[in-house]
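> fold the following for me, if possible:
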Amino acid sequence: EYADDFQAHLIQHLKYQAHETLLAPLRVGGQRFPLVLDLGCGTGLCGQLMAPHADAVDGVDLAKAMVDQARASGAYRQVQQGSLLDFLRASQAPADLVIAADVFIYVGALDEVFAAVRQRLQPQGVFAFSVELADPGQELQLRPSLRYAHSAAYVERLAAAHGFRLRQTWQAPLREDQQQPVMGLYVLLEPSA
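From the prediction side, this is the model:
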């Protein structure tokens, strides 16, 4: 029911910027991505940014209304309704870029996600995602907002365990909550071998 107003609410009221911040380094230099997977694609903000830089963008989201809006954007080759893990495991087609912009706040532990992305990613591919930053001393934290937060150390540990190396990380706001910026960690990973 929220889908119709979701995008406007995110951008206008919550000052949502995770999609643009995360994808900015990937949209310069003329790099082309044959297949992009957009995990938790919502209404299609990432797909719309990446479509000019990709041969195909496929998305997945849990909410049917979000899937309908993403399909209507015209940015995607296909959008499926379902879990991101099922989506990643349903195909062996190698991906060149896997995006998860402000999605892991709903997932929690990311071991299975990292393993599934690693299975799908091309040797020269990129795994681009953001996480809400956990409080100091916390690796994985469920906040009172019922969103999960993750530490940089947690992300780095999982990356090493699943055969990724850090290409780039930086901190910047994801969105606002009660007119205060919510800080995020933005991460670009590449397969290490």
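
> just the helices in this structure please.
Along the chain, counting by DSSP state H, helices occupy 3-8, 18-23, 45-50, 64-73, 84-89, 111-120, 152-161.

> of all those helices, which one is nearest L97?
Across these, L97 has its closest neighbour in helix 45-50 (7.3 Å, Cβ to Cβ). In this view, the C-beta of every residue, glycine as well, is placed from N, C-alpha and C.

> the closest one packs against which elements?
For helix 45-50, the packing partners by 3 or more Cβ pairs under 8 Å, 6 or more residues apart in numbering; DSSP states H and E come out as helix 18-23, strand 33-39, strand 54-61, helix 64-73, strand 95-100.

> who wins for proximity to E190 among the ones you listed?
strand 95-100 (10.8 Å).

> the closest one: partners in the sheet, and parallel or antiparallel?
strand 33-39 (parallel), strand 121-132 (parallel) (DSSP bridges).

> which other residues reach it?
Strand 95-100 has contacts (Cβ atoms under 8 Å, 6 or more residues apart in numbering) with 22-23, 26, 33-40, 46, 50, 54, 84, 88, 113, 117, 120-122, 124-130.

> just the helices of the chain: most buried one?
helix 45-50 (a mean of 23; mean count of other Cβ atoms under 10 Å).

> quick one: that one to chain centroid distance?
11 Å (Cα atoms, centre = their mean, to the nearest Å).

> try stretch 21-37
Taking Cα atoms, centre = their mean, one finds the center of stretch 21-37 at 13 Å from the center of the full chain.

> ok, residues contacting that stretch?
With contact meaning Cβ under 8 Å, 6+ apart, stretch 21-37 is reached by 46-47, 49-50, 53-60, 87-88, 93-99, 101, 120, 126, 128-130, 168, 172-174, 184, 186, 188.

> and that stretch, end to end?
Length of stretch 21-37, first residue to last, Cα to Cα, to the nearest Å: 18 Å.

> buried set for it?
21-23, 25-26, 33, 35-37 (16 or more other Cβ atoms under 10 Å).

> so what does whichever strand in the chain runs longest touch, helix or strand wise?
If you go by DSSP state E, the chain has its longest strand at strand 164-177. Applying 3+ Cβ pairs under 8 Å, 6+ apart, we find strand 164-177 packed against helix 18-23, strand 121-132, helix 152-161, strand 180-191.

> thinking again about what came up before, now the buried members of the contacts of stretch 21-37.
With burial judged by 16+ other Cβ under 10 Å, the buried subset of these is 46-47, 49-50, 53-54, 56-60, 87-88, 95-99, 101, 120, 126, 128-130, 174, 184, 186, 188.
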